[in-house]
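Visitor: Dropping the sequence and predicted coords here.
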Amino acid sequence: MPDRRPRPPHPALALDDTVHQRVRLGILTVLSETRECKFGTLRDELGLTDGNLNRHLRILEQADLLQVIKGYEGRRPCTWLRLTRQGRTALRAEVAALEQLVERLRNAPAEEPETDT
Amino acid sequence: MSSTDDVWTSDDDVRPEETLAELDRLRTRTRTRTHSGAWLPAALVALLLLASSALYRAPFAQINSLTIDHPYWAGLPDEQRHPVLSYAFWFVAIPLLVVVTAAWYARRARQLGVRVAWPVFAATGLGVLLLLAIVAAVPKTKLGSDGMTADLPTWWWQGLLTPLLPVAAAVLALAWAERSPGLAASGLWITLLTVWLCGTLPLGHIPSLVIGLMDGGTSSYGGQLALRPGHYLGLMALPLVVFAVVRGARAWRLHHA
């Protein structure tokens, strides 16, 4: 007799497209370990170009997940980045969803492919 | 900081466990670099505690009689050389500690490109010290060394008017800013010793309840540890010294790797 109990939603549904992108996940992870991080430091840590990093920062800033603070160091302009409260919560939720996903994949029967029908 | 992995720029599909593992490595690497400077403020606080033993008339030697001024501006309830000297020591040394710590973290931020929440440490240390100065602005009371003549209910909390509390609070704030369980344990240890030593008289008094428990439930009048302020300050500073040595060595290795 088939089991008709409602199944819990697939953990992949909990993944947030804004956060799940790998570079953005890396950005949020670095920022979560600091109070503020310099643009150049983050760029070097993740091995990105200025333009690439800027593109991802703009998306995260628009989603209110990080704050961009522009200032000066001596006479040189300098950009610092800070994770917002929403950013911290979003990162935590994303990592939890990934862990659930891994757990589910690990416990899935080896020869029972899932079908849509 | 240098990049060692191209997982962030690769367009290939990455399995979730690989992503999690890489996030973990990235987090560990960033945490190690960001918080590798905590050893200096920890060492400075330990130095401050140890240096404050010079404020007592007999920091290490046993003496037969002593006069204790309240509030305990030296830190612990014992005879101090001069209350004004003790007062000046803490009200100069704690702001100086904050200034040196601020310079240290500013230099690290320039070099590493990461900032930690050190202003929380500064605000807590200076804030609690200021609060202490305001609350302690009451006429001084002489306390007997045997504690027999004091008004015990008010005595207990008044004993906490000591500059050691701002130090303990600052260490706890530093633990939060540096996300360090070791510093949190050090801060709790200083708080615990301060509450015990300043909330009871004579110095090192062991309550009858504790002695009773150790004796197997028999009643007792309590006891006293035969240690002097210098010894207690050494005990307070010990976890901070261990933390500073271990973290300092790790930071040195990281810097020269």
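Guide: Thanks, I have the structure now. Numbers count the residues shown, from 1 in each chain, chains lettered A, B, ... in the order given.

Visitor: CA only for contacts and neighbour counts going forward, please
Guide: Noted.

Visitor: Check which helix or strand the closest residue to residue B:167 other than its chain neighbours maps to.
Guide: Using CA to CA, 6 or more residues apart in numbering or on different chains and skipping the chain neighbours, the partner closest in space to residue B:167 is residue B:125 (6.3 Å). Taking DSSP states H and E as the definition, residue B:125 sits inside helix B:118-135.

Visitor: how close does residue A:82 get to residue B:59?
Guide: Distance of residue A:82 to residue B:59, given as CA to CA, to the nearest Å: 47 Å.

Visitor: Quick one: the strands in the chain, in order.
Guide: Let's take chain A. All strands of chain A, identified by DSSP state E, fall at A:36-38, A:66-73, A:76-83.

Visitor: wrong one, chain B
Guide: B:68-70, B:114-115, B:141-143, B:205-206, B:223-224.

Visitor: centroid residue for the chain?
Guide: You didn't pick a chain, so chain A it is. The geometric centre of chain A, computed from its C-alpha atoms, lies nearest to residue A:25 (CA atoms, centre = their mean), at 2.9 Å.

Visitor: Chain B, not that one
Guide: residue B:168 (3.8 Å).

Visitor: Next, the contact list for the closest residue to chain A within the stretch 101-250 of chain B, please.
Guide: Nearest residue of the stretch 101-250 of chain B to chain A: residue B:114, at 4.5 Å (CA to the nearest CA). Residues in contact with residue B:114 (CA atoms under 8 Å, 6 or more residues apart in numbering or on different chains) are A:34, A:35, A:36, A:37, A:38, A:41, B:34, B:108.

Visitor: Likewise for residue B:115?
Guide: Counting by CA under 8 Å, 6+ apart, residue B:115 makes contact with A:34, A:35, A:36, A:37, B:34, B:105, B:106, B:108, B:109.

Visitor: Dump these into TSV; add neighbour count as well.
Guide: Shown next, in TSV, are the contacts of residue B:115 (neighbours: other CA atoms under 10 Å in any protein chain shown):
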residue	neighbour count
A:34	23
A:35	18
A:36	23
A:37	27
B:34	23
B:105	21
B:106	16
B:108	17
B:109	17
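
Visitor: For residue 50, the count of nearby residues, please.
Guide: Reading this off chain A. 13 (other CA atoms under 10 Å in any protein chain shown).

Visitor: wrong one, I was asking about chain B
Guide: The tally of other residues near residue B:50 (other CA under 10 Å) stands at 20.

Visitor: hang on, isn't it packed against residue B:233?
Guide: Yes - assessed by CA atoms under 8 Å, residue B:50 is found in contact with residue B:233 at 5.9 Å.

Visitor: Now do the shared contacts for the two.
Guide: Residues touching both residue B:50 and residue B:233 (CA under 8 Å, 6+ apart): none.

Visitor: list the buried ones in stretch B:117-130?
Guide: B:117, B:118, B:119, B:120, B:121, B:122, B:124, B:125, B:126, B:128, B:129 (16 or more other CA atoms under 10 Å in any protein chain shown).

Visitor: pLDDT value on the third one, please?
Guide: If I follow you right, that is residue B:119. According to the prediction, residue B:119 has pLDDT 95.

Visitor: so who does it touch?
Guide: residue B:102.

Visitor: So which bits of chain A are right by chain B?
Guide: A:22-23, A:25-26, A:29-30, A:33-38, A:40-41, A:44-48, A:95, A:98-99, A:101-102 (CA under 8 Å from any CA of the partner chain).

Visitor: Run through chain A and note the low-pLDDT ranges.
Guide: Scanning chain A for pLDDT under 70 picks out A:1-15, A:109-117.

Visitor: Chain B too?
Guide: For chain B, the ranges with pLDDT under 70 are B:1-14, B:138-157, B:204, B:209-225.

Visitor: what does stretch A:83-95 contact?
Guide: Outside stretch A:83-95, the residues that touch it by CA under 8 Å, 6+ apart are A:14-16, A:19-20, A:25, A:28-29, A:31-32, A:35-36, A:64-67, B:20.

Visitor: What's the local residue count around residue A:33?
Guide: 25.

Visitor: Excluding chain neighbours, what is closest to it?
Guide: Counting by CA to CA, 6+ apart, the nearest residue to residue A:33 once its immediate chain neighbours are dropped is residue B:31, at 5.6 Å.

Visitor: One more: residue B:68?
Guide: Sequence neighbours aside, residue B:79 is the residue nearest to residue B:68 in space, at 5.0 Å (criterion: CA to CA, 6+ apart).
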